[in-house]
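S.K.: What follows is a predicted protein model with its sequence.
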Amino acid sequence: MCTGKCSRCIAGILYPLAVTSIICNILLFFPGWDVKYAQNGQLTVQVKYMGGLVGGGLMVLIPALYIHLTGTGGCCANRCGMFLSIAFAALGVAGALYSFIVALLGLIHGPYCRGILLWGTPFEDSKGSYLGHHDQWSKCMEPKNVVEFNVALFSTLLITSSLQLVFCATQMINGLFGCLCGTCRNKEVL
């Protein structure tokens, strides 16, 4: 497979991953499927960091667009374009890492919820051990099922950002080969 086709393939994979990250982060703003928690600021700090929207979303979507252009014929499908795709893929790696770290911290600290009397983060000091102890999840009274909600979405962000990291790093290697060896475009006979 030539480096141009590989770039198109990688971009095609990065598009749905970026959209998934954006959707997951937006959904995290509505625990219990209600807007009142976002309006009252009753969200985990990790949701407010917007790792899925900024990191795994925009910081991966913009490189995916450029990486796609390097795989098509035209002004970007040359050695210089492949060199620039390395820089854009590095931006994607940084975004994926940001999303991964925020999602990991979101899983470790747990959701922001109302316990018996007060709002807080009851699992913050558990270092993520609450994940294996479903009986502790009842500490969160409101929003309803917020632990499951956060675990599902932050886990999805964790998986998505891991895949983004792998594909952006692969594009950095592909871009290096494209820069050194060319993009394998068909040469037309005059």
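M.R.: Received it, and whenever you're ready, just let me know what you need.

S.K.: What does the residue nearest the centre of the chain show for phi and psi?
M.R.: The centroid of the chain falls nearest to Gly56 when counting by C-alpha atoms, centre = their mean (2.7 Å). When quoted as degrees, to the nearest 10, the phi and psi of Gly56 stand at phi -80, psi -10.

S.K.: Can you name the next helix or strand after the host helix or strand of Cys24?
M.R.: Take DSSP states H and E as the rule and Cys24 turns out to sit in helix 3-28. Read in the C-terminal direction, the helix or strand following helix 3-28 is helix 36-39, with elements assigned using DSSP H and E.

S.K.: Ala169 touches Ala90, doesn't it?
M.R.: No - counting by C-beta atoms under 8 Å, no contact exists between Ala169 and Ala90, whose distance comes to 9.0 Å. The C-beta positions use only the backbone N, C-alpha and C, and glycine is treated the same way.

S.K.: State the mean pLDDT of the helix holding Cys24.
M.R.: Model confidence over helix 3-28 averages 92 on the pLDDT scale.

S.K.: Report all helices and strands that that helix contacts.
M.R.: With contacts taken as 3 or more C-beta pairs under 8 Å, 6 or more residues apart in numbering; DSSP states H and E, helix 3-28 sits against helix 59-71, helix 79-109, helix 146-181.

S.K.: now do 10 Å
M.R.: With contacts defined as 3 or more C-beta pairs under 10 Å, 6 or more residues apart in numbering; DSSP states H and E, the secondary structure elements packing on helix 3-28 are helix 45-48, helix 59-71, helix 79-109, helix 146-181.

S.K.: in that helix, what counts as buried?
M.R.: Judged by neighbour count using 16 or more other C-beta atoms under 10 Å, the buried positions of helix 3-28 are 3-4, 6-11, 13-14, 17-18, 20-25, 27-28.

S.K.: give me the low-pLDDT residue ranges for this structure?
M.R.: Scanning the chain for pLDDT under 70 picks out the ranges 1, 73-77, 182-190.

S.K.: Much appreciated, bye for now.
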